[in-house]
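> Mind folding the following:
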Amino acid sequence: MAVRVELYTLGGTISMAGSRGAGVVARLGAAELIAAVPGLAELGADLATHDAEAVPGGDLTFRRIAELVAAAGEAVRDGAAGVVVTQGTDTLEETAYLADLLWPHDAPLVFTGAMRNPTLAGPDGPANLLAAVRVAAADAARGLGVLAVLDDEIHAARWVRKTHATATGAFRSPDAGPLGQVIEGEVRVLTRPPRLPALTVDPAAFEAVRVALHTVAVEDDGAQLDGLAERYQGLVVAGYGVGHVPGALAAPLGTLAGQIPVVLTSRTGGGSVLRHTYGAVGSETDLARRGLLAGGLLSPYRARVLLRVLLAAGADRSAIAAALAARR
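Okay, the predicted model is just below:
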């Protein structure tokens, strides 16, 4: 008996059409995407399709992804073996991580997309979609949470990052590596990290919560931080290296940390912020004394997603600190 896989299309490069001279736009629906994938019909999967929303990845919202996760959950409860979501890759590392925080099911929820649109030579969308459906239908992928499947690699949403603007191998997990691969059509899972309990949030609650992201740069005067606590409910700081900022920013950040949760992360793209190695003003130890919360291995983008989810769920400072500690 064929397993059922639900496919939700959200636009992005994988679904673009048009001429290169005039600029490509999202036009292809789920039926057209499926028709362009050699070998998909031979998988034996019963694909149920949903043209959810044809927008660039940059126009997706927390509420929209939370609603999609809820719809995907209903499909799983109704018997689907797994779910595939196609979207623009610009925000895939954030939306997949958001979905992972909210996904309570053993069935795989797989995000995929494309780096080369269908008007170019060698578009990667069909291969990525084929691999994503294979993973969504595979027993081996159960219990892994939300996944990103691109370039025949299986990545955990909690670690994956887009590391290149145009390369087809743009998606990497710098701190952990892929969980597995699709090899000759076989889904091979090489490692199984433990899962954390899913968080519960009303999608409408995101409308009342805003989290800012401040990336520290040389000679940063902190002017962008003025009045921030009046406009935002939380802040993520992308600091230098292991979690450092200019000394002049230490006091303003400490003041903000007394008003709203402030999470310290690294802008480097890999590795963890430290907690107690350096002691100068503006170091990770100094900032911790001033009330900033260590983001550990979380990238600035994932830390922002997590903090907004926690705030939307009504978490207080101690609950936020505990959630960060569990994920560092």
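> What distance do you get for Ala96 to Ile183?
Remark: distance between Ala96 and Ile183 (C-beta to C-beta, to the nearest Å) = 22 Å. Placement of C-beta: from N, CA and C, glycine included.
> where along this structure do the helices fall?
Assigned by DSSP state H, the chain shows helices spanning 30-35, 62-77, 92-102, 125-137, 247-257, 284-289, 300-312, 317-327.
> Of the ones you listed, which is nearest Val201?
Within these, the stretch nearest Val201 is helix 300-312; the backing value is 4.9 Å (C-beta to C-beta).
> one step back: out of Ala96 and Ile183, which sits in the busier spot?
Ala96 (29 against 9; other C-beta atoms under 10 Å).
> Ala156 touches Pro194, doesn't it?
No - the pair Ala156 and Pro194 fails to qualify as a contact (C-beta atoms under 8 Å) at a distance of 11.0 Å.
> And the two? Which one has more around it.
Higher neighbour count among Ala156 and Pro194: Ala156, with 24 against 5, using other C-beta under 10 Å.
> one step back: Throw the helices of the chain into TSV and include mean pLDDT and distance to Pro108, thanks.
Below are the helices of the chain laid out as TSV (pLDDT from 0 to 100; distance: least, C-beta to C-beta, whole Å):
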stretch	mean pLDDT	distance to Pro108
helix 30-35	86	18
helix 62-77	97	10
helix 92-102	98	11
helix 125-137	97	5
helix 247-257	97	38
helix 284-289	98	36
helix 300-312	98	20
helix 317-327	94	20
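> Indicate which one of the ones you listed is closest to Val146.
helix 92-102 (3.7 Å).
> which other helices and strands contact the closest one?
Helices and strands touching helix 92-102, by 3 or more C-beta pairs under 8 Å, 6 or more residues apart in numbering; DSSP states H and E, are helix 62-77, strand 109-112, strand 146-150, strand 161-162, helix 300-312.
> The third one pairs with which strands, and in what direction?
Note on strand 146-150: by DSSP bridges, its sheet partners are strand 109-112 (parallel), strand 153-156 (antiparallel).
> hey, C-alpha coordinates of stretch 286-304 in PDB?
What follows is stretch 286-304, C-alpha atoms only, in PDB (Å, rounded to 0.1, in the frame of the first residue of the first chain):
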ATOM      1  CA  ASP A 286      31.000  41.000  31.600                       C
ATOM      2  CA  LEU A 287      27.800  40.800  29.500                       C
ATOM      3  CA  ALA A 288      26.500  37.900  31.500                       C
ATOM      4  CA  ARG A 289      27.000  39.900  34.700                       C
ATOM      5  CA  ARG A 290      24.900  42.600  33.100                       C
ATOM      6  CA  GLY A 291      22.000  40.300  32.500                       C
ATOM      7  CA  LEU A 292      22.500  39.100  28.900                       C
ATOM      8  CA  LEU A 293      21.600  35.500  28.200                       C
ATOM      9  CA  ALA A 294      24.000  33.200  26.400                       C
ATOM     10  CA  GLY A 295      22.700  31.800  23.100                       C
ATOM     11  CA  GLY A 296      25.200  29.000  22.900                       C
ATOM     12  CA  LEU A 297      25.400  27.500  19.500                       C
ATOM     13  CA  LEU A 298      22.300  29.300  18.200                       C
ATOM     14  CA  SER A 299      22.900  31.500  15.200                       C
ATOM     15  CA  PRO A 300      21.500  35.100  15.600                       C
ATOM     16  CA  TYR A 301      18.600  34.200  13.300                       C
ATOM     17  CA  ARG A 302      17.600  31.000  15.200                       C
ATOM     18  CA  ALA A 303      18.000  32.800  18.500                       C
ATOM     19  CA  ARG A 304      15.600  35.400  17.300                       C
END
